[in-house]
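**Q** my questions concern the predicted model and sequence given below.
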Amino acid sequence: MIKALHQQFQQATATTRFLWLALWLLLTTMLVVWIRSAWICDDAMITFISVLNFVNGYGMRWNTLERVQSFTHPLWFFLLSANYFIWDEIFYSTIGLNLLLASAALWLLIHKLSVNVQ
């Protein structure tokens, strides 16, 4: 597979090579920036407590005895709940989920732009 990719790269035009190198540079830069600036704010901690309570059977709430919804992003809440249920760890797996979704969004953007260029 590596040979095939190398052969395709050698046969590509200079413009295509430049675009591929620019793409790899963009992805590498994104990864470095993401790793160096990854952080969790206090609002995320509120969501984390709600996720822990939800996965452990206490409901989607901050305090287990009060019926108050403490999050404002249901889709992200359920993604984090599934993430915590699978990995049983919330801090680093949330950062990994963030990287996965950001990479998917970047790939989708690049894919849509490359279709328009061709």
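**A** Now that the structure is in, tell me what you want to look at. Numbers count the residues shown, from 1 in each chain.

**Q** can you find the helix or strand in the chain with the smallest mean pLDDT?
**A** Using mean pLDDT, DSSP states H and E, the weakest-scoring helix or strand in the chain turns out to be helix 2-11, at a mean of 66.

**Q** longest helix in this protein, by residue count?
**A** As assigned by DSSP state H, the longest helix anywhere in the chain is helix 91-117.

**Q** how about that helix, which residues are buried there?
**A** Neighbour-count burial for helix 91-117, with 16 or more other CB atoms under 10 Å as criterion, is recorded at 94, 97. (Glycine included, C-beta is placed from N, CA and C.)

**Q** how far off centre is it?
**A** Put simply, helix 91-117 sits 7 Å off its chain's centre (CA atoms, centre = their mean, to the nearest Å).

**Q** packing partners for it?
**A** Using 3 or more CB pairs under 8 Å, 6 or more residues apart in numbering; DSSP states H and E, the elements in contact with helix 91-117 are helix 14-37, helix 42-55, helix 74-87.

**Q** what angle sits between that helix and helix 14-37?
**A** 160 degrees (axes from the mean of the first three to the mean of the last three CA atoms, to 10 degrees).

**Q** between the helices and strands packed on helix 91-117, which gets nearest to His111?
**A** Nearest to His111, of all those, is helix 14-37, at 10.7 Å by CB to CB.

**Q** where does Thr72 land in three-state SS?
**A** Secondary structure, DSSP: H, G, I helix; E, B strand; the rest coil: Thr72 is coil.

**Q** now do the nearest residue to Ala38 once chain neighbours are set aside, the pLDDT please.
**A** Excluding the flanking residues, the one nearest Ala38 by CB to CB, 6 or more residues apart in numbering is Ile95, at 5.1 Å. On the pLDDT scale, Ile95 is placed at 88.

**Q** distance of the residue nearest to Ile110 when sequence neighbours are not counted from Trp107?
**A** Nearest residue to Ile110, sequence neighbours excluded (CB to CB, 6+ apart): Leu23, at 6.4 Å. Distance of Leu23 to Trp107, given as CB to CB, to the nearest Å: 10 Å.

**Q** if we can go back for a sec, wait, the residue nearest to Ala38 sits on Ser37?
**A** No. At 10.7 Å, Ile95 does not count as touching Ser37 under the criterion of CB atoms under 8 Å.
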